[in-house]
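Student: Starting from these lines, generate the structure:
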Amino acid sequence: MITLKLIPSLFFLSHLLIQSSSSSQVSISVTPRSIPKSGDPITIKWSGIDPPSHLDWLGIYSPSNSSHKDFIGYIFLSSSPEWRSGSGSITIPLINLRSDYQFRIFHWVESEINPKKQDHDHNPLPGTKHLLAESESIRFEPGRGPEQVHLALTGRVGEMRVMFVTHDGKESFVKYGSGKSKMGRVEGTRVSRYDREDMCDSPANESVGWRDPGFIHDGVMVGLDEGKKYYYQVGSDSGGWSSIYSFVSPIKDSSETIAFLFGDMGTWTPYSTFVRVQKESISTIKWISRDIEAYGNKPAMISHIGDISYARGYSWLWDNFFNQIEPVASKVPYHVCIGNHEYDWPLQPWRPEWSYPSYNKDGGGECGVPYSLRFHMPGNSSEPTGTRAPATRNLYYSFDMGVVHFVYFSTETDFLSGSKQYEFLKNDLESVDRKKTPFVIVQGHRPMYTTSYETRDAPLRQRLLENLEPLLVKNKVTVALWGHVHRYERFCPLNNFTCGQAFPVHMVIGMAGQDWQPIWQPRPNHLSDPIFPQPVRSLYRGGVFGYVRLVANKDKLTLSYVGNHDGEVHDVVEIMASGQVFNGHDAIAEGNAVRGSLGISTFSWYVKVASILVLGAFLGYVLGFVSRSRRDAAAVTSWTPVKSDDV
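Tutor: Presented below is the predicted three-dimensional model:
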């Protein structure tokens, strides 16, 4: 009996000895030890794992004294081609979190998988029971200046806001001027930050999700001449200066507007983490950057309508997001409105009974705080959180840019008739000068119209229709843009589900990165299959990731849906200042052919048709008939659905 009792103890002891022996043989190294700037690559090498498991993994930790369970990300060693030899290497970029990093290797086998410990996609999170090796700490070089630089309009002529992050919050500045060697003008910055106690729920207020966000600086460049290129740097002599960036200042009464529009983009990390990340977001930024370069020295802007970083309480994803958008957000103003994944939590102040299916824990306990402090949009809209957290900001605002009046509002806070937000929308839309800005675009996160089979938001959509659609129709809003549904969909001009003229064109543009793809409205007798042809009001549905490019002048506004997989235009709609709407689907081929000279009118297609007429009576008749029939269809509101390009 004594011998039998000793067997488990001896087995446990032998297991520890084997594990200790294995751990002592495993080595790990990281190069370089000091990283110049955020986003630079590092290489982790290891050797001596015997025997290796396909589930052995590399844990990424910041700060280096984090507990084993509080990794920010992980990579399975089997991603290295030579992993079966017990050795290998992985190279990844690292984002500056204003703290040091450490890397740890753990042994993990299938018998130890805990089905209750899962990530956001229900994949098992790796176990930390068997540590094999840990690296020395890795740091970012000091004195490299601020990071996460992004611009925004202030709503005032001759100004441009710039925001950035430092690790210590010491006095910092923005210096700017007409050339790289002529940045003699200097403005100070206001500093703010938020703390762990400001978060409303988990994981945002727990050790697994919380990381120091640094100090957020907010400065305004003033006295700018309209339509001029300016160069600028942010930082200080003591903390270092950033790279030199540039932008083109807005023109108050410009006859042209250029913008890039999307929702639900998120960010990508080169490692797995607790929530899903959005690799397609890289392509969205890449193609928008191409377009900005193609337009050259013309003012432009970006509009991101909710579900910004998808951090959902894991704060380092905000750092990844701002690092990722910096190449475009440091060149053109980056404007946002709030989505469910920035805000929603169980005790949010406005949560009417009918909204319970819609408002859940989508914000990961952030309660809108990072969104409110990391951005500064025009206006002063805010709502109290009911906690020690600062008020939620950037909820509703508007501004003119060229020939377009842009309006943003929140679907996450009270928008019902009589609310502060409703009164803002009513007063704002009624006061638009249509001679100055003939086009009005209203943007919110959750859609008023969609043929996605999203039943949870049905009560909210009904309230949007009852309370806000009359405002949009009465004030002749040109376009209503929505996110939340992670696809592209364009509707005919709509009022109460009915196509007509002089109604807003609704578009869902939540296709910038998040890959949770909804199903379309199902067939009554085949619930797993979407209705096709789609409902008459739905003119185009796309499953391709991408964004919308807006180009407008005094006479016409053109919206083009650009796909990420090829950078080509997949759908076009043209809206005249008179309110007449043309489906530009037939002009797509031409639009792609001339994309190097962006902004050329797609109406030139009709000119080409006229020239073709002289080549042959028969061909001319056919093309002329097609062209006329499409125009007539638009004029009499006989809307024809266009086949979707789902892939």
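Student: quick one: the most centrally placed residue in the chain from residue 250, how far?
Tutor: Averaging the C-alpha coordinates of the chain gives a centre point, and the residue nearest to it by Cα atoms, centre = their mean is residue 265 (3.0 Å). The spacing between residue 265 and residue 250, counted by Cβ to Cβ, to the nearest Å, is 23 Å. No exception for glycine: its C-beta is placed from N, CA and C like everyone else's.
Student: Quick check, residue 105 in contact with residue 134.
Tutor: Yes - the pair residue 105 and residue 134 passes the contact test of Cβ atoms under 8 Å, sitting 7.5 Å apart.
Student: which residues are in contact with both of the two?
Tutor: Counting by Cβ atoms under 8 Å, 6 or more residues apart in numbering, the common neighbours of residue 105 and residue 134 are residue 28.
Student: Of those two, which one has the most company?
Tutor: Neighbours per residue (other Cβ atoms under 10 Å) separate residue 105 from residue 134, with residue 105 holding more: 23 against 18.
Student: partner residues bridging the more buried one?
Tutor: residue 58, residue 133 (DSSP bridges).
Student: do the same with residue 272
Tutor: According to DSSP bridges, the residues that bridge with residue 272 are residue 74.
Student: Roughly how far does it sit from residue 79?
Tutor: From residue 272 across to residue 79, the span is 10 Å (Cβ to Cβ).
Student: more crowded one of these two?
Tutor: Legend: neighbour count by other Cβ under 10 Å for residue 272 and residue 79, higher for residue 272 (20 against 12).
Student: pretty sure that one is touching residue 73, no?
Tutor: Yes - Residue 272 is within contact range of residue 73, at 6.2 Å (criterion: Cβ under 8 Å).
Student: and residue 490, what does it touch?
Tutor: Here residue 490 is in contact with 505-508, 538-540, 561, 571, 573 (Cβ under 8 Å, 6+ apart).
Student: Identify, from those, the entry nearest to residue 288.
Tutor: Relative to residue 288, the closest of those is residue 561; by Cβ to Cβ it sits at 13.2 Å.
Student: Secondary structure element holding the closest one?
Tutor: Mapping residue 561 onto the secondary structure by DSSP states H and E places it in strand 556-563.
Student: Let's see that strand as PDB, backbone CA atoms only.
Tutor: What follows is strand 556-563, C-alpha atoms only, in PDB (Å, rounded to 0.1, in the frame of the first residue of the first chain):
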ATOM      1  CA  LYS A 556     -22.500  66.200 -59.500                       C
ATOM      2  CA  LEU A 557     -21.500  63.900 -56.700                       C
ATOM      3  CA  THR A 558     -19.900  60.500 -57.700                       C
ATOM      4  CA  LEU A 559     -19.500  57.600 -55.200                       C
ATOM      5  CA  SER A 560     -17.400  54.700 -56.300                       C
ATOM      6  CA  TYR A 561     -17.100  51.400 -54.500                       C
ATOM      7  CA  VAL A 562     -13.400  50.300 -54.700                       C
ATOM      8  CA  GLY A 563     -12.500  46.700 -54.000                       C
END
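Student: Counting by contacts, list what it packs against.
Tutor: strand 538-542, strand 546-553, strand 569-576 (3 or more Cβ pairs under 8 Å, 6 or more residues apart in numbering; DSSP states H and E).
Student: nearest to residue 60, of those strands?
Tutor: strand 546-553 (30.1 Å).
Student: how much space between residue 424 and residue 26?
Tutor: Distance from residue 424 to residue 26, by Cβ to Cβ: 61 Å.
Student: Now render the contacts of residue 490 as TSV, adding neighbour count.
Tutor: Shown next, in TSV, are the contacts of residue 490 (neighbours: other Cβ atoms under 10 Å):
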residue	neighbour count
505	22
506	25
507	24
508	28
538	24
539	24
540	22
561	26
571	27
573	24
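Student: any chance of those residues in JSON lines, plus distance to residue 311 and pLDDT?
Tutor: Listed next are these as JSON lines, based on distance: Cβ to Cβ, whole Å; pLDDT from 0 to 100:
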{"residue": "505", "distance to residue 311": "32", "pLDDT": "98"}
{"residue": "506", "distance to residue 311": "29", "pLDDT": "98"}
{"residue": "507", "distance to residue 311": "26", "pLDDT": "98"}
{"residue": "508", "distance to residue 311": "23", "pLDDT": "98"}
{"residue": "538", "distance to residue 311": "32", "pLDDT": "94"}
{"residue": "539", "distance to residue 311": "34", "pLDDT": "95"}
{"residue": "540", "distance to residue 311": "32", "pLDDT": "94"}
{"residue": "561", "distance to residue 311": "27", "pLDDT": "98"}
{"residue": "571", "distance to residue 311": "31", "pLDDT": "97"}
{"residue": "573", "distance to residue 311": "33", "pLDDT": "97"}
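Student: what's the spacing between the nearest residue to residue 518 once chain neighbours are set aside and residue 339?
Tutor: Taking Cβ to Cβ, 6 or more residues apart in numbering, and ignoring the residues beside it in sequence, residue 518 has residue 452 as its nearest neighbour in space, at 4.2 Å. Using Cβ to Cβ, we find residue 452 at a distance of 15 Å from residue 339.
Student: From what I see, the residue nearest to the centre of the chain and residue 304 are in contact.
Tutor: Yes - counting by Cβ under 8 Å, a contact exists between residue 265 and residue 304, whose distance comes to 6.3 Å.
Student: intersection of neighbour lists for the two?
Tutor: Common neighbours of residue 265 and residue 304, using Cβ under 8 Å, 6+ apart, are residue 512.
Student: sorry, back to before: can you list the buried residues in the strand holding residue 561?
Tutor: The neighbour-count check on strand 556-563 (16 or more other Cβ atoms under 10 Å) flags 556-563 as buried.
Student: all strands for the stretch 251-400 of the chain, in order.
Tutor: 256-262, 301-305, 334-337, 382-383, 392-393, 397-401 (DSSP state E, counting those that start in this stretch).
Student: hang on, the earlier thing: of the helices and strands packed on strand 556-563, which is nearest residue 42?
Tutor: For the helices and strands packed on strand 556-563, proximity to residue 42 was assessed by Cβ to Cβ; strand 546-553 is nearest, at 31.2 Å.
Student: what sits up against that closest one?
Tutor: Counting contacts by Cβ under 8 Å, 6+ apart, the residues outside strand 546-553 that touch it are 255-262, 284, 287-288, 291, 402-404, 439, 441, 481, 488, 507, 509, 511-512, 557-564, 569-570, 598-599.
Student: Would you write a PyMOL line that selects the buried entries of those?
Tutor: Here is the PyMOL command that picks out the buried ones among the contacts of strand 546-553, judged by 16+ other Cβ under 10 Å:
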select buried, resi 256+257+258+259+260+261+262+284+287+288+291+402+403+404+439+441+481+488+507+509+511+512+557+558+559+560+561+562+563+564+569+570+598+599
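Student: Average pLDDT for stretch 341-350, rounded please.
Tutor: Averaging pLDDT along stretch 341-350 gives 96.
Student: gap between the two ends of that stretch?
Tutor: Chord length of stretch 341-350, first to last residue, is 16 Å (Cα to Cα, to the nearest Å).
Student: still on that earlier bit, any chance of the contacts of residue 490 in JSON lines, with distance to residue 356 too?
Tutor: Listed next are the contacts of residue 490 as JSON lines, based on distance: Cβ to Cβ, whole Å:
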{"residue": "505", "distance to residue 356": "31"}
{"residue": "506", "distance to residue 356": "26"}
{"residue": "507", "distance to residue 356": "28"}
{"residue": "508", "distance to residue 356": "23"}
{"residue": "538", "distance to residue 356": "28"}
{"residue": "539", "distance to residue 356": "33"}
{"residue": "540", "distance to residue 356": "33"}
{"residue": "561", "distance to residue 356": "34"}
{"residue": "571", "distance to residue 356": "35"}
{"residue": "573", "distance to residue 356": "36"}
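Student: Which one of those residues is nearest to residue 143?
Tutor: The closest of the contacts of residue 490 to residue 143 turns out to be residue 561 (Cβ to Cβ; 44.2 Å).
Student: List the contacts of the closest one.
Tutor: Applying Cβ under 8 Å, 6+ apart, the residues near residue 561 are 488, 490, 509, 540, 542, 546-548, 569-572.
Student: do residue 250 as well
Tutor: 153, 157, 160, 226-227, 299, 401.
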